[in-house]
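Peer 1: Fold the following, please.
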Amino acid sequence: MSRKKWYGILLILEAILYLVSYGSSLVESYNVQNLNGNTPLITTSSIFSIWNGMIICWVIWRIMKQRLNVEGLIAVLLLSITQLLMFFLPPFSPTNLLNISFVLNIICLIWIWLLIKNVEMRELLNNWKSKDGWKSSIAYLVLFVASTNISPLFILIGMDRTSDIYAFTLRYSVMELMFLLLINVMITSTSDKLQKVFSLLLILSSLVEIGIVYSFITRISFYGLFYLLLSIYIACRVFSLLEKVAASWESKVKVQEVSSIEIKPEMEYPQVEGEIDVNDQLNADIQSNNDKENSPKRIILHSSWLWSALIIAVCHLGIMIFPLFLGNPMYLLILYIGAIHYICFMIATILLFIGMRNGNVGLLNTSAVLFIVSIIGTLDPYWTGPNILSLVLGVLVFIGGIFPKNLNKE
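Peer 2: Numbers count the residues shown, from 1 in each chain. The predicted structure is shown next:
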(Lines give C-alpha, C1' and ligand atoms only; values in the text may rest on other atoms or scores of the structure.)
Protein backbone atom coordinates (compact mmCIF):
# COMPACT_ATOMS: atom_id res chain seq x y z
CA MET A 1 0.00 0.00 0.00
CA SER A 2 1.33 3.45 -0.91
CA ARG A 3 2.16 6.10 1.67
CA LYS A 4 -0.65 8.35 0.43
CA LYS A 5 -3.25 5.60 0.92
CA TRP A 6 -2.07 4.96 4.49
CA TYR A 7 -2.56 8.62 5.35
CA GLY A 8 -5.82 8.88 3.41
CA ILE A 9 -7.37 6.02 5.37
CA LEU A 10 -6.14 7.56 8.63
CA LEU A 11 -7.75 10.90 7.75
CA ILE A 12 -11.06 9.18 7.02
CA LEU A 13 -10.93 7.20 10.28
CA GLU A 14 -10.17 10.30 12.36
CA ALA A 15 -12.95 12.29 10.67
CA ILE A 16 -15.46 9.49 11.32
CA LEU A 17 -14.28 9.17 14.93
CA TYR A 18 -14.77 12.84 15.80
CA LEU A 19 -17.97 13.41 13.84
CA VAL A 20 -19.70 10.30 15.21
CA SER A 21 -18.41 10.82 18.76
CA TYR A 22 -19.30 14.49 18.87
CA GLY A 23 -22.75 13.84 17.41
CA SER A 24 -23.52 11.02 19.84
CA SER A 25 -22.34 13.13 22.78
CA LEU A 26 -24.69 15.96 21.80
CA VAL A 27 -27.60 13.52 21.67
CA GLU A 28 -26.57 12.12 25.06
CA SER A 29 -26.35 15.58 26.64
CA TYR A 30 -29.72 16.56 25.16
CA ASN A 31 -31.40 13.44 26.56
CA VAL A 32 -29.87 13.94 30.01
CA GLN A 33 -30.93 17.57 30.07
CA ASN A 34 -34.51 16.66 29.18
CA LEU A 35 -34.64 14.06 31.95
CA ASN A 36 -33.28 16.01 34.91
CA GLY A 37 -32.43 19.47 33.59
CA ASN A 38 -28.73 19.05 34.34
CA THR A 39 -25.98 18.59 31.80
CA PRO A 40 -23.02 16.46 32.97
CA LEU A 41 -19.80 18.33 33.59
CA ILE A 42 -17.80 15.89 31.46
CA THR A 43 -19.26 14.24 28.37
CA THR A 44 -17.74 12.61 25.35
CA SER A 45 -17.77 16.00 23.63
CA SER A 46 -15.13 17.26 26.07
CA ILE A 47 -12.85 14.44 24.92
CA PHE A 48 -13.72 14.31 21.22
CA SER A 49 -14.22 18.03 20.59
CA ILE A 50 -14.70 19.10 17.01
CA TRP A 51 -11.76 21.51 17.39
CA ASN A 52 -9.40 18.66 18.27
CA GLY A 53 -10.64 16.66 15.29
CA MET A 54 -9.95 19.53 12.90
CA ILE A 55 -6.47 20.06 14.36
CA ILE A 56 -5.57 16.37 14.12
CA CYS A 57 -6.77 16.10 10.51
CA TRP A 58 -4.81 19.26 9.62
CA VAL A 59 -1.62 17.88 11.18
CA ILE A 60 -2.02 14.50 9.45
CA TRP A 61 -2.62 16.22 6.11
CA ARG A 62 0.49 18.38 6.55
CA ILE A 63 2.58 15.32 7.36
CA MET A 64 1.19 13.50 4.32
CA LYS A 65 2.20 16.45 2.13
CA GLN A 66 5.67 16.38 3.81
CA ARG A 67 5.24 19.92 5.20
CA LEU A 68 5.65 18.65 8.76
CA ASN A 69 7.96 15.85 9.79
CA VAL A 70 6.53 12.48 10.78
CA GLU A 71 7.18 13.07 14.49
CA GLY A 72 3.85 14.86 14.54
CA LEU A 73 2.24 11.42 14.40
CA ILE A 74 3.54 10.83 17.93
CA ALA A 75 1.40 13.71 19.18
CA VAL A 76 -1.64 12.26 17.39
CA LEU A 77 -0.81 8.86 18.89
CA LEU A 78 -0.54 10.30 22.42
CA LEU A 79 -3.83 12.14 22.00
CA SER A 80 -5.51 8.86 21.01
CA ILE A 81 -3.94 7.12 24.02
CA THR A 82 -5.25 9.90 26.29
CA GLN A 83 -8.74 9.52 24.87
CA LEU A 84 -8.52 5.76 25.46
CA LEU A 85 -7.36 6.20 29.06
CA MET A 86 -10.30 8.48 29.82
CA PHE A 87 -12.67 5.54 29.30
CA PHE A 88 -10.92 3.60 32.10
CA LEU A 89 -10.43 6.41 34.61
CA PRO A 90 -12.99 6.95 37.41
CA PRO A 91 -15.92 6.91 37.29
CA PHE A 92 -15.40 3.73 35.26
CA SER A 93 -18.37 1.84 33.83
CA PRO A 94 -18.30 -1.42 31.84
CA THR A 95 -20.64 0.22 29.33
CA ASN A 96 -17.74 2.48 28.31
CA LEU A 97 -16.19 -0.48 26.50
CA LEU A 98 -19.31 -0.81 24.35
CA ASN A 99 -19.29 2.86 23.40
CA ILE A 100 -18.90 3.43 19.66
CA SER A 101 -16.33 6.15 20.38
CA PHE A 102 -14.22 3.65 22.31
CA VAL A 103 -14.25 1.17 19.42
CA LEU A 104 -13.45 3.82 16.80
CA ASN A 105 -10.64 5.21 18.96
CA ILE A 106 -9.10 1.72 19.23
CA ILE A 107 -9.21 1.37 15.44
CA CYS A 108 -7.54 4.77 14.92
CA LEU A 109 -4.90 3.98 17.52
CA ILE A 110 -4.02 0.67 15.85
CA TRP A 111 -3.90 2.29 12.40
CA ILE A 112 -1.54 5.06 13.58
CA TRP A 113 0.79 2.46 15.07
CA LEU A 114 0.74 0.39 11.87
CA LEU A 115 1.40 3.52 9.79
CA ILE A 116 4.44 4.40 11.87
CA LYS A 117 5.72 0.82 11.95
CA ASN A 118 5.26 -0.01 8.27
CA VAL A 119 5.86 3.33 6.57
CA GLU A 120 7.45 6.02 8.74
CA MET A 121 9.64 4.19 11.28
CA ARG A 122 12.90 4.89 9.45
CA GLU A 123 12.06 8.58 9.11
CA LEU A 124 10.95 8.76 12.74
CA LEU A 125 14.26 7.33 13.96
CA ASN A 126 16.11 9.91 11.86
CA ASN A 127 14.04 12.66 13.49
CA TRP A 128 14.87 11.33 16.95
CA LYS A 129 18.55 11.89 16.15
CA SER A 130 17.84 15.60 15.71
CA LYS A 131 17.49 17.47 19.01
CA ASP A 132 15.20 20.15 17.58
CA GLY A 133 13.15 17.96 15.22
CA TRP A 134 10.14 17.98 17.54
CA LYS A 135 9.86 21.77 17.30
CA SER A 136 8.61 21.73 13.70
CA SER A 137 5.91 19.10 14.15
CA ILE A 138 4.79 17.80 17.53
CA ALA A 139 5.01 21.22 19.19
CA TYR A 140 2.46 22.76 16.85
CA LEU A 141 -0.27 20.25 17.67
CA VAL A 142 0.30 21.05 21.36
CA LEU A 143 0.07 24.78 20.65
CA PHE A 144 -3.10 24.40 18.62
CA VAL A 145 -4.84 22.26 21.25
CA ALA A 146 -3.78 24.59 24.08
CA SER A 147 -4.80 27.70 22.14
CA THR A 148 -8.29 26.42 21.30
CA ASN A 149 -8.72 25.37 24.93
CA ILE A 150 -7.72 28.82 26.23
CA SER A 151 -10.14 30.91 24.10
CA PRO A 152 -13.44 30.16 25.90
CA LEU A 153 -11.91 30.42 29.37
CA PHE A 154 -11.61 34.21 29.26
CA ILE A 155 -15.29 34.62 28.43
CA LEU A 156 -16.25 32.70 31.57
CA ILE A 157 -14.16 34.99 33.79
CA GLY A 158 -16.87 37.65 33.49
CA MET A 159 -19.08 35.73 35.92
CA ASP A 160 -19.68 36.38 39.61
CA ARG A 161 -16.27 36.79 41.28
CA THR A 162 -17.48 35.28 44.53
CA SER A 163 -18.46 31.95 42.95
CA ASP A 164 -16.36 28.81 43.17
CA ILE A 165 -16.53 28.38 39.39
CA TYR A 166 -14.87 31.76 38.93
CA ALA A 167 -11.97 30.82 41.22
CA PHE A 168 -11.56 27.47 39.47
CA THR A 169 -11.68 29.03 35.99
CA LEU A 170 -9.13 31.66 36.98
CA ARG A 171 -6.66 29.07 38.29
CA TYR A 172 -7.24 26.81 35.30
CA SER A 173 -6.71 29.73 32.87
CA VAL A 174 -3.42 30.64 34.54
CA MET A 175 -2.14 27.07 34.20
CA GLU A 176 -3.18 26.89 30.53
CA LEU A 177 -1.37 30.16 29.84
CA MET A 178 1.66 28.92 31.75
CA PHE A 179 1.79 25.76 29.65
CA LEU A 180 1.46 27.78 26.43
CA LEU A 181 4.23 30.14 27.53
CA LEU A 182 6.58 27.29 28.47
CA ILE A 183 6.14 25.45 25.18
CA ASN A 184 6.69 28.67 23.19
CA VAL A 185 9.86 29.46 25.12
CA MET A 186 11.14 25.93 24.50
CA ILE A 187 10.55 26.29 20.75
CA THR A 188 12.34 29.65 20.75
CA SER A 189 15.26 28.70 22.97
CA THR A 190 18.50 27.31 21.57
CA SER A 191 20.04 26.60 24.99
CA ASP A 192 20.13 22.91 25.96
CA LYS A 193 20.16 23.70 29.68
CA LEU A 194 17.19 26.03 29.42
CA GLN A 195 15.21 23.49 27.42
CA LYS A 196 15.87 20.78 30.00
CA VAL A 197 14.71 23.04 32.83
CA PHE A 198 11.57 24.09 30.97
CA SER A 199 10.76 20.49 29.99
CA LEU A 200 10.63 19.61 33.69
CA LEU A 201 8.48 22.67 34.33
CA LEU A 202 6.12 21.45 31.61
CA ILE A 203 5.65 18.18 33.48
CA LEU A 204 5.12 20.06 36.75
CA SER A 205 2.54 22.43 35.25
CA SER A 206 0.64 19.48 33.78
CA LEU A 207 0.49 17.78 37.18
CA VAL A 208 -0.70 21.02 38.81
CA GLU A 209 -3.43 21.40 36.18
CA ILE A 210 -4.60 17.83 36.81
CA GLY A 211 -4.68 18.57 40.54
CA ILE A 212 -6.68 21.79 40.06
CA VAL A 213 -9.34 20.07 37.97
CA TYR A 214 -9.51 17.02 40.24
CA SER A 215 -9.96 19.19 43.34
CA PHE A 216 -12.99 20.85 41.74
CA ILE A 217 -14.85 18.00 39.99
CA THR A 218 -12.99 14.91 41.35
CA ARG A 219 -12.14 13.74 37.84
CA ILE A 220 -8.91 13.61 35.87
CA SER A 221 -8.54 16.44 33.38
CA PHE A 222 -8.41 15.22 29.78
CA TYR A 223 -6.19 18.09 28.64
CA GLY A 224 -4.02 17.84 31.74
CA LEU A 225 -3.42 14.15 31.07
CA PHE A 226 -2.62 14.82 27.42
CA TYR A 227 -0.21 17.61 28.38
CA LEU A 228 1.45 15.29 30.91
CA LEU A 229 2.07 12.50 28.37
CA LEU A 230 3.33 14.99 25.81
CA SER A 231 5.54 16.76 28.36
CA ILE A 232 7.15 13.44 29.30
CA TYR A 233 7.79 12.73 25.62
CA ILE A 234 9.31 16.20 25.07
CA ALA A 235 11.50 15.73 28.15
CA CYS A 236 12.75 12.43 26.71
CA ARG A 237 13.59 14.27 23.47
CA VAL A 238 15.35 17.12 25.23
CA PHE A 239 17.41 14.79 27.43
CA SER A 240 18.38 12.77 24.29
CA LEU A 241 16.86 9.54 25.62
CA LEU A 242 15.10 8.82 22.33
CA GLU A 243 18.30 9.51 20.44
CA LYS A 244 19.82 6.48 22.14
CA VAL A 245 16.72 4.43 21.33
CA ALA A 246 17.01 5.44 17.67
CA ALA A 247 20.64 4.33 17.57
CA SER A 248 19.80 0.92 19.01
CA TRP A 249 16.71 0.37 16.84
CA GLU A 250 18.12 1.60 13.56
CA SER A 251 19.79 -1.68 12.66
CA LYS A 252 16.58 -3.62 13.40
CA VAL A 253 14.31 -1.51 11.17
CA LYS A 254 13.85 -2.75 7.64
CA VAL A 255 14.55 -0.42 4.74
CA GLN A 256 11.39 1.31 3.57
CA GLU A 257 9.80 -0.36 0.59
CA VAL A 258 9.75 1.56 -2.68
CA SER A 259 5.95 1.03 -2.91
CA SER A 260 5.44 3.26 0.13
CA ILE A 261 7.37 6.14 -1.42
CA GLU A 262 5.47 8.78 -3.34
CA ILE A 263 6.63 8.52 -6.96
CA LYS A 264 5.71 11.33 -9.29
CA PRO A 265 4.24 10.53 -12.72
CA GLU A 266 7.39 11.63 -14.50
CA MET A 267 9.35 9.21 -12.32
CA GLU A 268 6.91 6.39 -13.01
CA TYR A 269 6.84 6.94 -16.77
CA PRO A 270 10.11 8.68 -17.70
CA GLN A 271 10.08 10.69 -20.87
CA VAL A 272 13.85 10.91 -21.20
CA GLU A 273 16.43 8.32 -21.95
CA GLY A 274 18.10 6.57 -19.07
CA GLU A 275 16.88 5.81 -15.58
CA ILE A 276 15.82 8.34 -12.99
CA ASP A 277 17.21 7.83 -9.50
CA VAL A 278 14.33 7.87 -7.01
CA ASN A 279 16.63 8.90 -4.17
CA ASP A 280 17.93 11.87 -6.16
CA GLN A 281 14.38 12.99 -6.87
CA LEU A 282 13.40 12.68 -3.21
CA ASN A 283 16.49 14.61 -2.12
CA ALA A 284 15.63 17.33 -4.64
CA ASP A 285 12.09 17.56 -3.24
CA ILE A 286 13.39 17.75 0.32
CA GLN A 287 15.87 20.48 -0.67
CA SER A 288 13.07 22.41 -2.38
CA ASN A 289 10.92 22.16 0.76
CA ASN A 290 13.85 23.32 2.91
CA ASP A 291 14.39 26.34 0.64
CA LYS A 292 10.73 27.30 1.08
CA GLU A 293 10.92 26.84 4.85
CA ASN A 294 14.03 29.06 5.06
CA SER A 295 12.42 31.98 3.22
CA PRO A 296 11.45 34.94 5.49
CA LYS A 297 7.73 34.56 4.78
CA ARG A 298 7.66 30.93 5.82
CA ILE A 299 9.62 31.60 9.00
CA ILE A 300 7.24 34.34 10.13
CA LEU A 301 4.19 32.33 9.07
CA HIS A 302 5.38 29.40 11.19
CA SER A 303 6.26 31.44 14.26
CA SER A 304 4.86 29.60 17.28
CA TRP A 305 4.08 32.85 19.16
CA LEU A 306 2.15 34.27 16.21
CA TRP A 307 0.30 31.03 15.51
CA SER A 308 -0.77 30.87 19.16
CA ALA A 309 -2.09 34.43 19.04
CA LEU A 310 -3.91 33.90 15.73
CA ILE A 311 -5.67 30.71 16.83
CA ILE A 312 -6.76 32.18 20.17
CA ALA A 313 -8.04 35.36 18.47
CA VAL A 314 -9.99 33.51 15.76
CA CYS A 315 -11.54 31.09 18.27
CA HIS A 316 -12.50 33.97 20.59
CA LEU A 317 -14.21 35.86 17.75
CA GLY A 318 -15.94 32.68 16.61
CA ILE A 319 -17.29 31.99 20.09
CA MET A 320 -18.66 35.53 20.42
CA ILE A 321 -20.13 35.86 16.91
CA PHE A 322 -21.53 32.35 16.34
CA PRO A 323 -24.42 32.73 18.87
CA LEU A 324 -25.81 35.50 16.65
CA PHE A 325 -26.79 32.85 14.10
CA LEU A 326 -28.84 31.12 16.80
CA GLY A 327 -31.14 34.15 17.04
CA ASN A 328 -30.35 35.18 20.63
CA PRO A 329 -30.86 38.98 20.89
CA MET A 330 -28.82 39.17 24.11
CA TYR A 331 -25.63 38.66 22.13
CA LEU A 332 -26.49 41.67 19.99
CA LEU A 333 -26.61 43.73 23.17
CA ILE A 334 -23.27 42.31 24.34
CA LEU A 335 -21.63 43.09 20.99
CA TYR A 336 -23.17 46.58 21.02
CA ILE A 337 -21.75 47.34 24.47
CA GLY A 338 -18.34 46.01 23.47
CA ALA A 339 -18.42 47.39 19.91
CA ILE A 340 -15.14 49.33 20.22
CA HIS A 341 -13.44 46.32 21.80
CA TYR A 342 -14.50 43.86 19.11
CA ILE A 343 -13.87 46.24 16.19
CA CYS A 344 -10.27 46.75 17.36
CA PHE A 345 -9.99 43.04 18.12
CA MET A 346 -11.21 42.04 14.65
CA ILE A 347 -8.94 44.52 12.84
CA ALA A 348 -5.97 43.35 14.92
CA THR A 349 -6.71 39.72 14.01
CA ILE A 350 -6.89 40.54 10.28
CA LEU A 351 -3.63 42.53 10.43
CA LEU A 352 -1.99 39.65 12.31
CA PHE A 353 -2.94 37.20 9.56
CA ILE A 354 -1.78 39.53 6.77
CA GLY A 355 1.47 40.25 8.60
CA MET A 356 2.16 36.54 8.99
CA ARG A 357 1.44 35.88 5.33
CA ASN A 358 3.53 38.77 4.02
CA GLY A 359 6.29 38.73 6.61
CA ASN A 360 5.55 42.35 7.54
CA VAL A 361 6.78 43.07 11.07
CA GLY A 362 5.20 46.53 10.97
CA LEU A 363 1.74 45.03 10.58
CA LEU A 364 2.48 42.64 13.43
CA ASN A 365 3.41 45.52 15.73
CA THR A 366 0.27 47.41 14.69
CA SER A 367 -1.78 44.31 15.46
CA ALA A 368 -0.20 44.05 18.92
CA VAL A 369 -1.02 47.70 19.65
CA LEU A 370 -4.65 47.26 18.53
CA PHE A 371 -5.10 44.22 20.76
CA ILE A 372 -4.02 46.31 23.74
CA VAL A 373 -6.03 49.36 22.63
CA SER A 374 -9.18 47.19 22.50
CA ILE A 375 -9.06 47.12 26.31
CA ILE A 376 -10.06 50.80 26.39
CA GLY A 377 -13.41 49.98 24.79
CA THR A 378 -14.48 47.75 27.68
CA LEU A 379 -13.34 49.01 31.07
CA ASP A 380 -16.34 47.49 32.85
CA PRO A 381 -15.36 44.77 35.40
CA TYR A 382 -17.60 42.30 33.53
CA TRP A 383 -15.13 42.43 30.63
CA THR A 384 -12.15 41.47 32.77
CA GLY A 385 -11.76 38.18 30.89
CA PRO A 386 -11.74 39.57 27.32
CA ASN A 387 -9.46 42.41 28.44
CA ILE A 388 -6.94 39.99 29.93
CA LEU A 389 -7.11 37.99 26.71
CA SER A 390 -6.43 41.12 24.64
CA LEU A 391 -3.39 41.90 26.78
CA VAL A 392 -2.09 38.33 26.41
CA LEU A 393 -2.54 38.43 22.62
CA GLY A 394 -0.74 41.77 22.39
CA VAL A 395 2.23 40.32 24.28
CA LEU A 396 2.28 37.15 22.12
CA VAL A 397 2.23 39.14 18.87
CA PHE A 398 4.85 41.58 20.14
CA ILE A 399 7.23 38.77 21.07
CA GLY A 400 6.58 37.02 17.76
CA GLY A 401 7.38 40.24 15.89
CA ILE A 402 10.69 40.72 17.71
CA PHE A 403 12.02 37.17 17.31
CA PRO A 404 10.57 35.88 14.02
CA LYS A 405 13.80 34.29 12.77
CA ASN A 406 14.50 32.24 15.89
CA LEU A 407 11.14 30.52 16.19
CA ASN A 408 11.30 27.80 13.56
CA LYS A 409 15.02 27.23 13.37
CA GLU A 410 16.14 23.60 13.25
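
Peer 1: Apart from its chain neighbours, what residue comes closest to residue 189?
Peer 2: residue 195 (5.5 Å; Cβ to Cβ, 6 or more residues apart in numbering). In short, each C-beta sits where N, CA and C put it, glycine included.

Peer 1: is it true that residue 353 touches residue 309?
Peer 2: No. Applying Cβ atoms under 8 Å, one finds residue 353 not in contact with residue 309, separated by 10.2 Å.

Peer 1: More neighbours: the two, which one.
Peer 2: Between residue 353 and residue 309, counted using other Cβ atoms under 10 Å, residue 309 has the larger neighbour count: 29 against 17.

Peer 1: which residue sits closest to that one in space, ignoring its chain neighbours?
Peer 2: Nearest non-adjacent residue to residue 309, counting by Cβ to Cβ, 6+ apart: residue 396, 4.0 Å away.

Peer 1: mind listing what that neighbour touches?
Peer 2: Residue 396 is in contact with 184, 305, 306, 308, 309, 312, counting by Cβ atoms under 8 Å, 6 or more residues apart in numbering.

Peer 1: Of those residues - the most surrounded one?
Peer 2: Neighbour max across the contacts of residue 396 (other Cβ under 10 Å) = residue 309, 29 neighbours.

Peer 1: list the contacts for it?
Peer 2: So residue 309 contacts 352, 393, 396, 397, 400 (Cβ under 8 Å, 6+ apart).

Peer 1: By neighbour count, which of those residues wins?
Peer 2: Neighbour tally across the contacts of residue 309 (other Cβ under 10 Å): the maximum, 33 neighbours, falls on residue 397.

Peer 1: name the element it belongs to?
Peer 2: helix 384-402 (DSSP states H and E).

Peer 1: Next secondary structure element downstream of the one helix or strand residue 167 maps to?
Peer 2: Per DSSP H and E, residue 167 falls inside helix 164-188. Sequence-wise, the next helix or strand downstream of helix 164-188 (DSSP H and E) is helix 192-217.

Peer 1: And residue 309, how far from residue 146?
Peer 2: Using Cβ to Cβ, to the nearest Å, we find residue 309 at a distance of 12 Å from residue 146.

Peer 1: CSV for the contacts of residue 396, including distance to residue 168, secondary structure and pLDDT?
Peer 2: Below are these laid out as CSV (distance: Cβ to Cβ, whole Å; DSSP: H, G, I helix; E, B strand; the rest coil; pLDDT from 0 to 100):
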residue, distance to residue 168, secondary structure, pLDDT
184, 25, helix, 88
305, 28, helix, 88
306, 30, helix, 88
308, 23, helix, 88
309, 25, helix, 90
312, 20, helix, 89
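
Peer 1: got these as CSV, with distance to residue 109 columns?
Peer 2: Formatted as CSV, the contacts of residue 396 follow (distance: Cβ to Cβ, whole Å):
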residue, distance to residue 109
184, 29
305, 32
306, 32
308, 28
309, 32
312, 29
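
Peer 1: Return the member of those residues nearest to residue 67.
Peer 2: In terms of Cβ to Cβ, no member of these lies closer to residue 67 than residue 306, at 17.2 Å.
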